[in-house]
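J.: Requesting a structural model of the entry that follows:
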Amino acid sequence: MKLTDDQKKTLLNNLIRVRELDQWFIDALMAGKLPLFYHSTQVQEAVGVGACTFLEDGDSVYATHRGHGISKLIPRGVSIESIMAEHYGKLTGYCGGASGWHPCVPDKGFPMYTALIAENLGLACGTAMAHKLDGKQRVVVAFEGDSAVAKAEFHEAFNFAAANRLPLIVVIENNEMGQHTPIETYLLNKDVANYAKGIGVPGKIVDGQDVVAVLDAVQEAVERARAGGGPSMIECKTYRLRGHSEGGPNVSMDKPRPKDEADMWLRDKDPLKLFGGELIAGGIVTQADIDQMEHDVREEIEEAYQSALDAPPIPNFEHLQSLLFAE
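T.: Numbering: from 1, shown residues only. Purely as a prediction, here's the structure:
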């Protein structure tokens, strides 16, 4: 996809917005200001931002628990105010405060969500089948972690998508960790895109730190799916910078993960620094522009936090029940 300067700025701004909100959630949780818990997506932002920023209205997305979906929600136009309110259980949240942090925003293309690894792929197949039947050339982009490939549900669903030529793009965020378990303990082949090729479906491996590489791979698969070519798998090689969840142990099996490895990824492979540096070198933005973007989103986050505190809470159990059924 040939990008204009404005489109490149949009990608950069989305990366910044996701990073700043992610860091705010971490800091708020550690300060006792955030209920529930949080699973950071730092250094993995390029996968969601690259894949989702230029999808069309009517396309559907299934996110994962990593970052509570913010790297997919923000590029699809879900407001930080709505995300914040949802985390605080307020009526102004995208699910009226009922989900906690599970992204379900139908008008923005998020049909529903499950935190269970690989479980959402079957649901994504159902949505892709609906898109195929309605003939409107819409697609589904479903995100999974690498550990999902070790589960039977993943292969059942993906094979169903292949056999029925569904307009489904499966994006694997391969950070080589399944909660506290390293990839070599559950997959012999670390290149999970090879599983797609085994059933006759295109499988492509890309650098998950390169937001444009992710965008190009996903857009190619999207065009193929819209034309009736069926599903594809895009494997994005990336890294989980922090522990599985904030406040929990940052371990691989029973051993601490190496800090120098995390420092290297943040120093040399941070997608925000890489893409920002590229745009500065190309004369598209300046460092002052980036600083202003960061300042603006920090102000937006603080305003969203205050709005969440002031917003009305879920009033009663009857209100929750009313969210379960269509009239």
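J.: Contacts only, for the closest residue to Phe154 other than its chain neighbours.
T.: In this structure, Phe154 finds its nearest non-sequential neighbour in Ala118, 4.2 Å apart by CB to CB, 6 or more residues apart in numbering. C-beta: built from backbone N, CA, C; applies to glycine. Shown in contact with Ala118 (CB atoms under 8 Å, 6 or more residues apart in numbering): 144, 148-149, 151, 153-154, 157.
J.: buried residues in stretch 159-171?
T.: 159-162, 166-171 (16 or more other CB atoms under 10 Å).
J.: Looking at those residues, which are in strands?
T.: Counted as lying in strands by DSSP state E, out of these, are 168-171.
J.: From Asp260, how far out is Glu318?
T.: 54 Å (CB to CB, to the nearest Å).
J.: where along the stretch 51-200 of the chain do the strands fall?
T.: 60-62, 140-145, 168-174, 177-178, 181-182 (DSSP state E, counting those that start in this stretch).
J.: lowest confidence element among the helices and strands of this structure?
T.: helix 317-322 (a mean of 83; mean pLDDT, DSSP states H and E).
J.: What is that helix packed up against?
T.: For helix 317-322, not one helix or strand is in contact under the criterion 3 or more CB pairs under 8 Å, 6 or more residues apart in numbering; DSSP states H and E.
J.: which residues sit against it?
T.: 96, 98, 314.
J.: can I assume the first one is in contact with Pro313?
T.: In other words, Gly96. No: with contact defined as CB atoms under 8 Å, Gly96 does not count as touching Pro313 (10.2 Å).
J.: Neighbours of Asn316, how many?
T.: Neighbour count for Asn316, taken as other CB atoms under 10 Å: 9.
J.: what are the phi and psi values for it?
T.: With angles defined as degrees, to the nearest 10, Asn316 sits at phi -170, psi 170.
J.: Please work out the average pLDDT along the stretch of helix or strand Val297 belongs to.
T.: In this assignment (DSSP states H and E), Val297 forms part of helix 287-310. Mean per-residue pLDDT for helix 287-310: 98.
J.: Are there helices or strands packed against that helix, and which ones?
T.: Under the contact definition 3+ CB pairs under 8 Å, 6+ apart, helix 287-310 sits against helix 5-30, helix 80-87, helix 271-281.
J.: Give me the number of neighbouring residues for Gly77.
T.: Neighbours of Gly77 using other CB under 10 Å come to 13.
J.: now do Asp27
T.: 12.
J.: Val49 too?
T.: Residues contacting Val49 under the criterion other CB under 10 Å number 30.
J.: re earlier: which one of the helices and strands packed on helix 287-310 lies nearest to Ile70?
T.: Ranking the helices and strands packed on helix 287-310 by distance to Ile70, with CB to CB as the measure, places helix 5-30 first at 5.5 Å.
J.: next one: that closest one to chain centre, how far?
T.: 12 Å (CA atoms, centre = their mean, to the nearest Å).
J.: Stretch 142-153 now?
T.: 14 Å.
J.: and what of stretch 104-117?
T.: With CA atoms, centre = their mean, you get 11 Å for stretch 104-117.
J.: Please enumerate residues in contact with it?
T.: 55, 57-65, 69, 72-73, 76-78, 82, 94-95, 99, 102-103, 120, 123, 127, 144-145, 147-148, 151, 178.
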